[in-house]
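S.K.: next come a sequence and a model predicted from it.
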Amino acid sequence: MTRQIASVIGGKNEPTGSPYTSTNPARPSEAVAAVPLADAPTFARACRDAAEAQKEWSRVPAPVRGRVIASVGRLVEANTEALARLVTEEIGKPYAEALGEVREIVDTCDFFLGEGRRLYGQTVPSEMPDKNLFTFRVPVGVAAVITAGNFPVAVPSWYLVPALLCGNAVVWKPAEYAAASAHALYRLFAAAGLPDGVLNIVFADGAATYEGLELALSEGTVQKVGFTGSSAVGRSVGELCGRHLQSPCLELGGKNPMVVMPDAELDLAVEGALFSGFGTAGQRCTSLGTVIVHRDVHDAFVRAYVQAVQAAKIGDPNGDVLYGPLLDRKFAERYEEYLTWIEPHHTVLPGPTGRMEGEGLYYHPVIVDGVRPDDRLFLEETFGPIVGVTTFDTIDEAIALANRPGYGLSSSIYTTDPKAAFRFREGVSAGMVSVNNSTSGAEAHLPFGGNGKSGNGSRQSGVWVLDQFTRWQAMNWDYSGRLQKAQMDVADITPDLAFRL
Ligand code: NAD
């Protein structure tokens, strides 16, 4: 049965808008949810409502806000199966992975519920007597959060949880094709007792979102933009924010390299390349883009990789499979375009490419051996079940190849030589480095984020994200009873700098 859902602004449903239907990619003729998409003025209105609600919310003591986050975590945990099933139904993510995705929200809540009691400022010594200096974390105000749908609930929670904990209000614009999953998560947050207007969910297409955001930024109702999505859209959102003197949190695409050194445990590397290249059908921002394998082990690696891919099960995401369908028709169409980037000098393994027989958006796994540094397949993100393979001779060459596409989200090296692991860490431009582990698999308390085309250096998760959702306020308090001037009225202790032993 098709669910009827709608945007919720200030606690009220918004039943009007242009109709959109999210579908089940395993059976695209099956509707998952019908949702009216809002226009730009509606998005801007949500930001005004949020700004109003934020005033009260910021006065709720941080430990009390932490208790609300604790309740969100409990509610998500108690609804794990229902939420994970919905994610599987709506975007085709294998159920086991969907359970992991829901777990990530619980972990995020577990981390931040305590942060409510730790939102520390500092006391800082002054240059002058009878004067104290302090720092305070101040909420930014309203955060407009725009998210992709490949992690329809976990990645949004990386924004929503810390933003709310820090005393901000949020207007969340999820991906259209993951509307039902997002709406379910919204309801769990609302059930935790958030006052109306503190968290708002607005369903809209990209154009209306951009226009609505522009309106809201002009009206001064948004102080922070969180954007997770493609590098192309991230660039335009970043430009818009720059015009309004704001620094957004941009979490964008990736072309994540895996280096396999000649001393690597090949079985482990193959297992990692299978999971990160083809898990979620290669539709993670941290999915493996290119395996950069040492010439001496290239043939053995490729042989084992092809065997592993051939043995993997692809199909109904409710079953025990490596991957299910692509997220949505839009992604299937785009993926078919990436397949046209295969060139005559490439070797395509195990063989068939393109869509599998049947109704669902299932695609064959593709390994493209012999990619070269100037190939489009080497340089650009190819969201889908396709992995490139290239070779190297020296570690410096491997690092240069890893950095060449200009993204910088995740990276990995398989080696038994600590020197190689540290050389790689120092040289690679990625925000995240795995050693003897795949390019995928974030933990809720480690910084997550990228550089270059993968983002503007912002970090989510752990204590690091607090700097996205608070601004430091410095206070000085002079109780000397006179005007003490910094730098000028400072005591001077004269050293004897000519002294020698
Ligand atoms: P997308 O950029 O097309 O859309 C992302 C979100 O932005 C959606 O909600 C969409 O409706 C909205 N949007 C689209 N155009 C817009 C515009 N002009 N202005 C404002 N909002 C707009 O991304 P996608 O194709 O849905 O998602 C896949 C991409 O997201 C991949 O590149 C993937 O690597 C990336 N991603 C990154 C991370 C990360 O944390 N770095 C996580 C998940 C996905």
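M.R.: Okay, I see it. Numbers count the residues shown, from 1 in each chain.
S.K.: apart from its chain neighbours, what residue comes closest to residue 16?
M.R.: Leaving out its chain neighbours, the residue that sits closest to residue 16 by C-beta to C-beta, 6 or more residues apart in numbering is residue 36, at 5.8 Å. All C-beta spots, glycine's among them, are computed from the backbone N, C-alpha and C.
S.K.: starting at the chain centroid, how far to stretch 163-171?
M.R.: 18 Å (C-alpha atoms, centre = their mean, to the nearest Å).
S.K.: now residue 39. Its backbone dihedrals?
M.R.: In terms of degrees, to the nearest 10, the main-chain angles of residue 39 are phi -100, psi 180.
S.K.: so which residues on this protein come close to the ligand?
M.R.: Contact residues, the chain versus the ligand (C-beta under 6 Å from any ligand atom): 146-151, 155, 173, 175-176, 206, 209-210, 228-230, 233, 236-237, 251-254, 285, 381, 383, 409, 450.
S.K.: only whichever of these are buried, select them in ChimeraX.
M.R.: Buried residues within the residues of the chain next to the ligand, as defined by 16 or more other C-beta atoms under 10 Å, are selected in ChimeraX through the command that follows:
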select :146,147,148,149,150,151,155,173,175,176,209,210,228,229,230,233,237,251,252,253,254,285,381,383,409,450
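S.K.: in helices, which of the residues of the chain next to the ligand fall?
M.R.: 155, 206, 209-210, 233, 236-237 (DSSP state H).
S.K.: which pLDDT value does the model give the residue lying closest to residue 274 once chain neighbours are set aside?
M.R.: Here the nearest residue to residue 274 in space, its sequence neighbours aside, is residue 308; by C-beta to C-beta, 6+ apart that works out to 4.8 Å. Residue-level confidence at residue 308 comes out at 98, pLDDT.
S.K.: so what's the residue count around residue 308?
M.R.: For residue 308, the number of neighbouring residues by other C-beta atoms under 10 Å comes to 20.
S.K.: who touches it in this structure?
M.R.: Residues in contact with residue 308, defined by C-beta atoms under 8 Å, 6 or more residues apart in numbering, are 270-271, 273-274.
S.K.: mind checking which of those are buried?
M.R.: 270, 273-274.
S.K.: which of these fall within helices?
M.R.: For those, membership in helices holds for 270, 273-274, with DSSP H as the criterion.
S.K.: what residues of stretch 191-200 count as buried?
M.R.: Here stretch 191-200 shows 192, 194, 197-200 as buried, counting by 16+ other C-beta under 10 Å.
S.K.: what is the nearest of those to the ligand?
M.R.: The nearest member of these to the ligand, counting by C-beta to the nearest ligand atom, is residue 200 at 14.9 Å.
S.K.: so that closest one sits against residue 8, correct?
M.R.: Yes: the pair residue 200 and residue 8 qualifies as a contact (C-beta atoms under 8 Å) at a distance of 6.3 Å.
S.K.: re the thing from before, redo the ones in helices among the buried ones among the contacts of residue 308 as CSV? Include pLDDT and distance to residue 27.
M.R.: Putting these into CSV (pLDDT from 0 to 100; distance: C-beta to C-beta, whole Å) gives the following:
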residue, pLDDT, distance to residue 27
270, 98, 32
273, 98, 30
274, 98, 26
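S.K.: show me which of those residues is closest to residue 121.
M.R.: Proximity of these to residue 121, judged by C-beta to C-beta, is greatest for residue 273, which lies at 45.4 Å.
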